[in-house]
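[1] I'll drop the sequence and a predicted model, then ask my questions.
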Amino acid sequence: MALLTRINGPRDLDRLAQPQLVELAAEIRSFLVDAVSKTGGHLGPNLGVVELTIALHRVFDSPRDRILFDTGHQSYVHKLLTGRQDFSRLKSTGGLSGYPSRAESAHDVIENSHASTVLGWADGIAKANELLGRDDHVVAVIGDGALTGGMAWEALNNIAAAKDRPLVVVVNDNEWSYSPTIGGLANHLATLRTTDGYEQFLARTREVLERTPLIGRPLYETLHGAKKGLKDFITPQGMFEDLGIKYVGPIDGHDIEAVESALQRARRFHGPVLVHCITEKGRGYTPAERDRIDRFHGISPIHPDTGLPLSAGGADWTSVFGDEMLELGKERSDIVAITAAMLHPVGLTKFAEAFPDRVFDVGIAEQHGAVSAAGLATGGLHPVFAVYATFLNRAFDQVLMDVALHKCGVTFVLDRAGVTGSDGASHNGMWDMSILQVVPGLRIAAPRDADQVRAQLREAVAVEDAPTVVRYSKGAVGPAVPAVGRIGGMDVLREPAGGTEQPDVLLVSVGALAPMCLEIAALLDAQGITSTVVDPRWVKPVDDELPGLAARHRLVVTVEDNGRVGGVGSAVAQALRDAEVDVPLRDFGIPPRFLEHGSRKDVMAAIGLTAPDIARQVTGVVATIDARFSDEEAGAVLGEPDAG
Ligand SMILES: Cc1ncc(C[n+]2csc(CCOP(=O)(O)OP(=O)(O)O)c2C)c(N)n1
Ligand SMILES: CC(=O)[C@@H](O)[C@H](O)COP(=O)(O)O
Ligand SMILES: [Mg+2]
């Protein structure tokens, strides 16, 4: 790592000659494989942007010039070149974030890991530069996958409108999202790729001619005229040029000199320009290059020599869903699946293999996915849209105004619900059970174990006149939690010790936190506090029997892996008020703040969503109720205070 360790900031790159830059790229690749194989992370995407990122930081002067990354999962090389080379605790508590982080560096701008936003950011910053008279550059790096997101095109529409506002868009085209990138755009990019090498030839020629005295310039002008004609002739009339955005490319994104040359041209261009770089996801690491699933998009720790995972993944929530979807697909030909560029991560692999015509990958386009689902339902099918909980946020209006308003039988399966942790604030699935509370007619299921995933998925797809939601956590599925009784639609998971007539606490356990809630009940028992534990299964609407059950307890406690604000706890409190049940309620959930990255366990502990923390707080509340109760009792003995 002779060269990499000498890079403490981007300007240290200026003193390296091209051969040294190639050597540096090799050092960075071996650093990434060595480091990320230990910690896990986005190895494939970052191996694909090594030369591109080096060139970006040589041509532009970050942080004065803003270099922005879409989604941000491909910013490891950027971090290495901007003074952050300790990857030992990448994505872990106290270690480097797996995405840009303003707290880490002035070179970082966008922390949001939701795709397709970078061009909007660039549009805004470029407008600010123009209005404030700054001649700083704005460079937005966007992947071919992120370019399938509608927001990217909303931004391009605005960017193209300002012919004289400098803005550089770099398309990192590796033909892959999580899966191969889909759609008309992918086809267009592929068409543009066919002029591979043409642009580089011209760029090199121009560089030589511009340095050639006397005949160079006129010859360049002639060639330039020919180039335009030649390019229009051999390349399709690119839609970017039609939009009014100058197109430069396709460029070999692994040829530092070629990328630098293209970026220098873009830097000098006084208006919006798009540099189309062809890269290879997983470049330089054979196991990633050979991976036909997702080119090592996001990996758990692996053996660096073989690329094989260090730990064999057990049964996880995703595979339970995927297996049941396959069975449902066999039983019902009307069931179809939708994914937003994440076929494998959301567990639809088997369904897609069995029913290739009944799976629709819409690209990173959750909003379109939801509206298309309304269309599919209206057309007589039952779509199951499998998506990470956090990514459904951006399709809220479509769920509300297209799916729910029209009473469409669409099932949304939300994977990675609750605290996910290591992917930082924007990846936690902590908003779905709050924002979806306000959708009329929509029903939400929060299965507590594998059996309930299967059962509740079946219940959900049986609903044909309203949207249904099934949401579950990331990773290994918890232990089976059997019911010991049933009240209304709610499963009783634990009766109060001693069969007390009026137990102290009604503990409402939501989804995957059932094992934690049973632990809380045991801890309360040790304090002499009796409790009933129920799993409502369907948390929206609140079960009709819940207020009556609450009335038979002294305190209601709800525990959910969702934001506290507007979550299940709030809904239960409202149901008690509506039923005029005057029993105190304490709701436990994720606090309304953006959570620092770290393991799920660390983050849950940091926000107090653990059995000991909750048991301790509940014990305190019960003690307060007891104290108030004994005061009232005392009041009864001492008689009412004199009216006067
Ligand atoms: C709104 C949204 N949906 C889904 C994802 C999940 N996701 C993370 S990276 C990725 C693929 C991005 O592909 P591309 O932009 O081509 O970048 P590459 O990984 O190829 O460098 C997806 C779908 C996301 N981050 N944001
Ligand atoms: C960047 C992105 O959105 C995902 O790649 C993220 O890493 C979460 O994915 P997993 O939860 O599947 O690891
Ligand atoms: Mg890509």
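    Structure's in. What do you need? Ligands and ions are numbered 1, 2, ... in the order given.
[2] ends of stretch 40-51, how far apart?
    Stretch 40-51 stretches 22 Å from its first residue to its last (C-alpha to C-alpha, to the nearest Å).
[3] mind listing what's buried along the longest helix seen in the chain?
    With secondary structure taken from DSSP state H, the chain has its longest helix at helix 611-638. For helix 611-638, burial by neighbour count (16 or more other C-beta atoms under 10 Å) applies to A611, I614, A615, V618, T619, V621, V622. To be clear about C-beta, it is placed using only N, CA and C from the backbone, and glycine gets the same treatment.
[4] repeat that for stretch 70-86.
    70-82, 84-85.
[5] any idea how far the strand of greatest length in the chain is from the chain center?
    Once the chain is assigned using DSSP state E, the strand that runs over the most residues is strand 555-563. Here strand 555-563 is found 24 Å from its chain centre; the criterion is C-alpha atoms, centre = their mean, to the nearest Å.
[6] thinking again about what came up before, which strands and helices sit next to the longest helix of the chain?
    helix 514-526, strand 555-563, strand 585-590 (3 or more C-beta pairs under 8 Å, 6 or more residues apart in numbering; DSSP states H and E).
[7] next, the angle strand 585-590 makes with the first one.
    The reference is to helix 514-526. Helix 514-526 runs at 140 degrees relative to strand 585-590, counting by axes from the mean of the first three to the mean of the last three C-alpha atoms, to 10 degrees.
[8] next SSE downstream of helix 514-526?
    Next in sequence after helix 514-526, counting helices and strands by DSSP states H and E, comes strand 531-535.
[9] before we move on, what about the last one?
    Sequence-wise, the next helix or strand beyond strand 585-590 is helix 600-606, with elements assigned using DSSP H and E.
[10] ok, and for that following helix, which residues are buried?
    R600, D602, V603, M604, A606.
[11] can you tell me the closest non-neighbouring residue to the residue positioned nearest the centre of the chain?
    With distances taken as C-alpha atoms, centre = their mean, H427 lies nearest the centre of the chain, 4.4 Å away. Leaving aside its chain neighbours, H427 sits nearest to T420 (5.2 Å; criterion: C-beta to C-beta, 6 or more residues apart in numbering).
[12] tell me the confidence at that neighbour?
    Among the per-residue scores, T420 shows a pLDDT of 98.
[13] where exactly do the helices run in the stretch 201-350 of the chain?
    Secondary structure of the stretch 201-350 of the chain (DSSP state H, counting those that start in this stretch): helices at 216-234, 239-243, 256-268, 286-289, 317-331, 349-354.
[14] quick one: end-to-end length of stretch 94-106, please.
    Stretch 94-106: ends 18 Å apart by C-alpha to C-alpha.
[15] any idea how far the one residue in the stretch 451-600 of the chain that gets nearest to ligand 1 is from L192?
    Using C-beta to the nearest ligand atom, the single residue of the stretch 451-600 of the chain nearest to ligand 1 is K474, 13.0 Å away. To L192, K474 is 37 Å away according to C-beta to C-beta, to the nearest Å.
[16] again with V505
    64 Å.
[17] do the same with P287
    29 Å.
[18] one more: A606?
    Counting by C-beta to C-beta, the separation of A606 from L192 is 47 Å.
[19] ok, P515 - contacts?
    Contacts for P515 were tallied using C-beta atoms under 8 Å, 6 or more residues apart in numbering; they are G478, P479, V481.
[20] which of the residues you listed are buried? Put it as a ChimeraX command.
    Applying 16+ other C-beta under 10 Å to the contacts of P515, the buried members can be selected in ChimeraX as follows:
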select :478,481
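[21] SS state for the residue nearest to Q502 when sequence neighbours are not counted?
    In this structure, Q502 finds its nearest non-sequential neighbour in R552, 6.1 Å apart by C-beta to C-beta, 6+ apart. Classification of R552 by DSSP: H, G, I helix; E, B strand; the rest coil places it in coil.
[22] D504 is in contact with R552, correct?
    No: using C-beta atoms under 8 Å, R552 makes no contact with D504, being 11.0 Å away.
[23] who's more crowded, these two?
    Neighbour tally, R552 and D504, criterion other C-beta atoms under 10 Å: the higher count belongs to D504, 24 against 14.
[24] show me what contacts the more buried one?
    P496, L524, I529, T530, S531, H553, R554, L555, V622.
[25] now do the first one: how many residues are near it, please.
    To tie it back to what came earlier, the one meant is P496. Other residues within reach of P496, judged by other C-beta under 10 Å, total 22.
[26] now swap in L310 and tell me
    11.
[27] what's the answer for the one 3 residues further on, then?
    When neighbours are counted by other C-beta under 10 Å, G313 registers 11.
[28] so how far is ligand 3 from it?
    G313 sits 24 Å away from ligand 3 when distances are taken as C-beta to the ion, to the nearest Å.
[29] output the below-cut-off pLDDT ranges for the protein.
    For the chain, residues meeting the criterion pLDDT under 70 lie at 194-237, 500, 631-644.
[30] quick check: the residue of this protein nearest ligand 3.
    G143 (3.8 Å; C-beta to the ion).
[31] give me the beta-bridge partners of the nearest residue to F240 once chain neighbours are set aside?
    Distance criterion C-beta to C-beta, 6+ apart; nearest residue to F240, sequence neighbours excluded, is Y247 at 4.5 Å. Beta-bridge pairing for Y247 (DSSP bridges): L274.
[32] would you mind naming what in the stretch 51-200 of the chain lies close to ligand 2?
    T71, H73, S113 (C-beta under 6 Å from any ligand atom).
[33] could you rerun that using 8 Å?
    T71, G72, H73, G98, Y99, S113, H114, A115, Y178 (C-beta under 8 Å from any ligand atom).
[34] quick check: the two most widely separated of the buried residues of stretch 70-86?
    Maximum pairwise distance in these, criterion C-beta to C-beta, is 23.5 Å, between D70 and Q85.
[35] if I read this right, E495 contacts T532, doesn't it?
    Yes: using C-beta under 8 Å, E495 is in contact with T532, at 6.4 Å.
[36] more neighbours: which of these two?
    Legend: neighbour count by other C-beta under 10 Å for E495 and T532, higher for T532 (23 against 16).
[37] list the contacts of that one.
    The contact partners of T532, by C-beta under 8 Å, 6+ apart, come to V492, R494, E495, P496, P503, V505, L506, L507, L549, H553.
[38] the residues you listed in helices, which ones?
    Those of the contacts of T532 lying in helices (DSSP H): L549.
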